[in-house]
Structure formats: C-alpha cells, structure tokens
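A.B. asks: Sequence first, then the predicted structure:
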Amino acid sequence: MSSIDFDKEKNSFRDYYDANIGSLETAKNSFVALVESLTKGSISISKIEGRVKNREECIKKFNLKYRNALEEAFQHYTIKDHISDLIGLRVVCLYEDDVEKLKSKLAEHFLVIDVTDKTSQIEDTEDSFGYKGIHLDLKLNDIRRNLPEYEVCKDLSFEVQIRTIIQDSWSILDHKIKYKKVIPKQLKRRINTLAALFELADREFKEIRIATDAELEKTQDIADSAAGTSIPDSSDLKGNEFNAFSFLKIAGHFFSGFEFESYKVDGFTQEIVSLKPQITRGKFNFYIRETITAVKKYKAFFAGSSPAGSMNPYTIIRHCLYLGDKEVFSSMLTASAKKSFEKWLLDNPYYVNYCGEK
C-alpha cells in the first residue's frame, strides 16, 4: 500500500526490484528483440542495446524528481509507479532523419505513453548545450499484450532513447566534460562551440548520404565516409564560484577521511545550486562551518537512538544546509528526517541559537 513515508517506500521498492529482477531482464530482452525485428531492413541502425535500471539509481531519481512535491502535497506514492525507465532501450541510428522515422515506426506498433523531444528542448534554449534525441515511454499494444510470448512483459512500460551516432558520441563525452553539471562560465562558450560542431556533423552526414544516394542513382557507385572527434581541454576553476571542485575542497576539509566519488559530487553539487543558484564557495563553507558542530551532536544522538542509525558525510552536509537555511534547503531532507531533526533541535535549544543564517 502506498504512503508518504520515503523510508518505507524505499524498502518496498527494493523488495519489488529484488523479487522481479529476473522477469525484468527477460522483458528487457524481449523488447530488444522486438525492436530489432521492427527496424531490420527498413531503418539504418548502428546498434540496439537494453538495460534494467540500477535499483538504487531508481530510488535516487525518484528522490530528486518526485518525492518533495508528492510529500508537500501529502500525496501517497509508490516509487515504481514513477520510474518510467526501469527498463530502458537505446537505439542508435546512422542518420538524423532516421530518428523521426524510427519514432513513427515504434508508434505504429506500441502504445506511446509519453514523448520527450530533447532536440526541441535544446533548440528552444539559446545558451544550452547537450545531446539531442528523442525519448519514448512505451507499452505493448493490445494485439501483442494478448500473445503468449509477451506474457512476462505485457503490463510493463519501457523507455526507448533514439539517437544518431553523433548524438550518442556526444552523450558519451558529456560524462567527461559534464555538460549537465555546474560548468565554469569560461568553458561554456567552448562547450557550446563543440556542441555546434557535433550538430553540424550530424547534418553533414545526412546531406552527404542524400547526395551520395543521388549519385548512386546515376552511377551505382558506392561511397563511404568517416569522421572523428576530439575531447576539448579542461581548466581549473577560479574565484568564489561554487561548483564540484570547490565542494570537494571544502568537504575534504571537514571529512578528510572520506572519499567523495566524482559522479556523486556532481549530482549533489547540482542539487545544491538548483535550490540556491547564487550560492558561493564562501557561503557554502559558512553553512557547514557554523552548523556542523550541532549536526555532529545530532549524529551521535541519532546513532544511539536508532538501530540502523548512521549518517554519512553527504547526509551530514544535507543537515548542515537545512539548519543553515531551512526555507531554501527544506527539500534536502525527507519529511521523516526533518521531523526527527526538528524534535532534537527543540530538545536542544542551545544549537538553535548557535546555528543558522546570519
């Protein structure tokens, strides 16, 4: 049964995931085979691959995208109902116009639940950069749902990401240059230039194919072409800008024995900046410095009062930010975590006076 208790729903989702992982893998393989059969010989496909989303990544996605709004509205939820890409496929096309062809092909054979057009999102924003492509949330249509070979996946939805080779290359590079994260201003222009070059390459490949096809009609000659890309240089950040690098420097000072993995740091830093866009390195340091004594006291209390009580550095920092500015950083803590922390603060009024925004 659904609830607004995040810890309870996390455990329920983990139980569901662990009990059904075998069926999910089987369903994923069925979806891959079906899409392969539908595109064979009609659309130029480079590769089709599938995966079942990592269990903890599902929980993280729900926490970042949905939890806060649902809890504020006191709307009961189950996590799996909000994870549309639990099963995901990636289809890489050779040419830009094949993306739309594949979208239409899939719409003929599946029930389309939702469409996310990354191309439109990028083109409608003047200063954005990133890979383009289309994401479709699909389910089997009524005809296939009733076939015995699809019994295991008849009620499951899945996400299909459709990209060109160029778009797929850009998505791989984005993990190197971290275009979705906090990018130094001095690098944004260079990254936008690189993104434009990738977009130009996609268009040129299509135009070359069209021109080549025209020549083939005349001469029946076959021509092949190839192109390469390179990763731009990176530079260190300067000034008082708060970003992943300054986070590591400050967090490393307060938690010298803890190893902060880069992929977690990027997402955590972005979450902070999304809540307070103008936060500086100095302000972040202030929040931690002024509140960490109280939070560590609470950590000791929490560990002693809860059988499973533990707070890692990320959790401590979340409490520090919340205590530093409860209005801005309210969503950094779950509803149950805030309730427990606020009760402890009421019992320890000294720390309420000692900490907080100044």
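C.D. replies: Arrived safely. Everything quoted here is computed from the prediction, not taken from an experiment. Numbers count the residues shown, from 1 in each chain.
A.B. asks: quick one: the strands in this protein?
C.D. replies: 45-52, 87-93, 110-117, 134-140, 157-164 (DSSP state E).
A.B. asks: May I see those organised as CSV, with mean neighbour count and mean pLDDT added?
C.D. replies: Just so you know, the C-beta spots here come from the backbone N, C-alpha and C atoms, and that holds for glycine as well. Output for those, formatted as CSV (neighbours: other Cβ atoms under 10 Å; pLDDT from 0 to 100):
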stretch, mean neighbour count, mean pLDDT
strand 45-52, 16, 93
strand 87-93, 23, 94
strand 110-117, 14, 91
strand 134-140, 20, 93
strand 157-164, 23, 93
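A.B. asks: what's the spacing between Glu36 and Arg145?
C.D. replies: Glu36 is 20 Å from Arg145, where distance means Cβ to Cβ, to the nearest Å.
A.B. asks: repeat for Ala27
C.D. replies: 13 Å.
A.B. asks: who's more crowded, the two?
C.D. replies: Between Ala27 and Arg145, counted using other Cβ atoms under 10 Å, the more crowded position is Ala27 (24 against 14).
A.B. asks: Do I have it right that that one meets Leu156?
C.D. replies: Yes: using Cβ atoms under 8 Å, Ala27 is in contact with Leu156, at 5.3 Å.
A.B. asks: which neighbours do the two share?
C.D. replies: Ile87 (Cβ atoms under 8 Å, 6 or more residues apart in numbering).
A.B. asks: So which residue is dead centre in this structure?
C.D. replies: The chain has Lys61 as the residue nearest its centroid, 6.6 Å off, counting by Cα atoms, centre = their mean.
A.B. asks: Ignoring the adjacent residues along the chain, who's closest to it?
C.D. replies: Computed as Cβ to Cβ, 6 or more residues apart in numbering, the closest residue to Lys61 that is not its neighbour in sequence is Ile83, at 6.6 Å.
A.B. asks: List the residues that contact that neighbour.
C.D. replies: Residues near Ile83 by Cβ under 8 Å, 6+ apart: Lys53, Cys58, Lys61, Phe62.
A.B. asks: Pull up the gap between it and Ser336, please.
C.D. replies: Per Cβ to Cβ, Ile83 is found 21 Å from Ser336.
A.B. asks: per-domain residue ranges of this protein.
C.D. replies: Using automatic domain parsing, the domains assigned to the chain come out as 6-185, 244-354.
A.B. asks: Let's have the ones you listed in CSV, adding distance to Glu207.
C.D. replies: Formatted as CSV, the domains of the chain follow (distance: least, Cβ to Cβ, whole Å):
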stretch, distance to Glu207
domain 6-185, 9
domain 244-354, 36
